[in-house]
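>>> this one's structure only:
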């Protein structure tokens, strides 16, 4: 099972197992599956989508954007070791 590690610089803030769910929502609002309580994070910042056994991250049209390994994306597949920036 895939896992998502939430970090700020070198500090680990949380670890989440990505359940076999079609879509996982990430953002500041409490109704998200993964809640990040930081003003720079949008209420509904991004989603993690499982499609045909592959994981994708999709930005939810945020002002600050979502990045994979430093590159701003709208939607992109990600792999073990990739860093998702929000």
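All right, it came through fine. Bear in mind that the values here come from a model prediction, so they are computed numbers and not experimental data.

>>> What residues does the closest residue to residue 26 other than its chain neighbours make contact with?
Nearest residue to residue 26, sequence neighbours excluded (Cβ to Cβ, 6 or more residues apart in numbering): residue 34, at 4.5 Å. For every residue, glycine as well, the C-beta is placed using N, CA and C. Each residue near residue 34 by Cβ atoms under 8 Å, 6 or more residues apart in numbering is listed here: 4, 6, 14, 16, 24-27.

>>> Using CSV, lay out these together with secondary structure, pLDDT and neighbour count.
Listed next are these as CSV, based on DSSP: H, G, I helix; E, B strand; the rest coil; pLDDT from 0 to 100; neighbours: other Cβ atoms under 10 Å:
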residue, secondary structure, pLDDT, neighbour count
4, strand, 85, 17
6, strand, 84, 15
14, strand, 85, 11
16, strand, 87, 15
24, strand, 93, 19
25, strand, 95, 17
26, strand, 95, 24
27, strand, 95, 21
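
>>> Which pair of these spans the longest distance?
14 and 25 (15.2 Å; Cβ to Cβ).

>>> Name the spans of this protein whose pLDDT lies under the cut-off.
Along the chain, the parts satisfying pLDDT under 70 run over 1.

>>> ok so, going back, which one of the contacts of residue 34 is nearest to residue 47?
Checking the contacts of residue 34 against residue 47 by Cβ to Cβ gives residue 25 as the nearest, at 5.3 Å.

>>> give me the beta-bridge partners of the closest one?
residue 47 (DSSP bridges).

>>> How about the contacts made by it?
Residue 25 touches 31-34, 44, 46-47, counting by Cβ under 8 Å, 6+ apart.
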